[in-house]
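J.: Any chance you could fold what I've pasted below:
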Amino acid sequence: MTRLDYLPGRQRVIYQRDDIFAFSIDAVLLARFVTLPASGKVVDLCTGTGAIPLLMSLRTKASILGVELQETLAELTKLSVAENKLEEQITVSQQDLNKLTDVAWGKYDVVTCNPPYFAVTADKGTNENTFKSLARHEIACTLEDVIRVSSRLVKSKGRVALVHRPERLDEIIAYMHTYKLAPKRIQCVHPHKGKDANMLLIEAVRDGGFGAKILPPWVLYQEDGSFTKEFAEHWDKQDA
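T.: Take a look at the predicted model:
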């Protein structure tokens with residue numbers, strides 16, 4: 001069943017389906033973490049149901065291209081773009097990021113991606129729900145694919161921002177250096193105070209020099225399961 005929900009801040013709405021998955025905290029964090037230009041060109045890879053482009057559109061007048069492999073998710077994103085009357089700012093392309101066509105290689109100011117987090121192993125990556133399997137596991141693209149393609153898309157001194165798992169930070173940084181991306185901002189996300197981080201946000205600059213900043217961490221939940229005061233304010237804030 002397709003339903004229409006508000007994104008945090010209640011300035012954008014998003015179409016979602018009960019049998020797929022809802023937008024996640026990951027997407028909201030990335031959309032508000034990335035450094036955006038006032039105008040220009042932005043591309044969001046693995047865009048899913050479009051939460052990241054929809055939220056970024058509140059912070060920039062740049063044209064935004066959302067790239068999604070799965071046809072059903074791409075169609076949901078198009079519905080949301082139309083519902084929010086953002087057809088002139090956001091376009092959606094159903095494509096495999098490893099076979100991109102009709103993109104402006106080396107011309108984008110910013111590339112964002114909330115990619116699959118987990119490598120495919122003998123007992124992981126075979127979720128019965130194809131939508132979830134493709135979104136969570138590196139079935140259609142690997143971490144290296146995401147960073148390699150992002151580096152090709154972004155212009156020199158442009159930015160690439162990802163949300164991912166902390167246990168893969170060393171791989172992320174290694175691939176970024178391989179593909180001429182210099183990490184500049186890193187922020188860890190902890191589920192509870194005193195617990196290890198379970199997400200991280202990282203932003204890199206194409207052809208940038210050495211020198212990265214570690215930002216204050218987010219702590220998401222209090223002991224009773226509600227958001228912490230700081231994160232609740234971040235979640236509910238309006239972006240424009």
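J.: Please enumerate the helices of the protein.
T.: 25-33, 51-56, 71-83, 130-136, 143-153, 169-178, 229-236 (DSSP state H).
J.: Serialize those to a markdown table and add fields for mean neighbour count.
T.: For glycine as for every other residue, the C-beta is placed from the backbone atoms N, C-alpha and C. Formatted as a markdown table, those follow (neighbours: other Cβ atoms under 10 Å):
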| stretch | mean neighbour count |
| --- | --- |
| helix 25-33 | 22 |
| helix 51-56 | 27 |
| helix 71-83 | 19 |
| helix 130-136 | 17 |
| helix 143-153 | 22 |
| helix 169-178 | 16 |
| helix 229-236 | 13 |
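J.: For Gly211, find the nearest of those.
T.: Proximity to Gly211 (Cβ to Cβ) singles out helix 169-178 among the helices of the chain, at 13.3 Å.
J.: Give me the angle between the closest one and helix 143-153.
T.: Calculated by axes from the mean of the first three to the mean of the last three Cα atoms, to 10 degrees, helix 169-178 forms an angle of 30 degrees with helix 143-153.
J.: Confidence-wise, which of the helices of the chain is weakest overall?
T.: Note on the helices of the chain: lowest mean pLDDT is at helix 130-136, with a mean of 71.
J.: which helices and strands does it pack with?
T.: Packed against helix 130-136 by the contact rule (3 or more Cβ pairs under 8 Å, 6 or more residues apart in numbering; DSSP states H and E) you find no helix or strand.
J.: what's in contact with the lowest-mean-pLDDT helix or strand in the chain?
T.: Between all helices and strands in the chain, the lowest mean by mean pLDDT, DSSP states H and E belongs to helix 130-136, at a mean of 71. With Cβ atoms under 8 Å, 6 or more residues apart in numbering as the test, helix 130-136 has contacts from 19-21, 46, 48, 69-70, 72-73, 116-118, 125-127, 139-140.
J.: again, but for stretch 173-183
T.: 143-144, 147-148, 150-152, 160, 172, 202-212.
J.: so how far does it reach from one end to the other?
T.: Using Cα to Cα, to the nearest Å, one end of stretch 173-183 lies 7 Å from the other.
J.: Pick out the residue nearest the middle of this protein.
T.: Within the chain, the residue whose C-alpha comes closest to the C-alpha centroid is Asn114; the distance, by Cα atoms, centre = their mean, is 3.2 Å.
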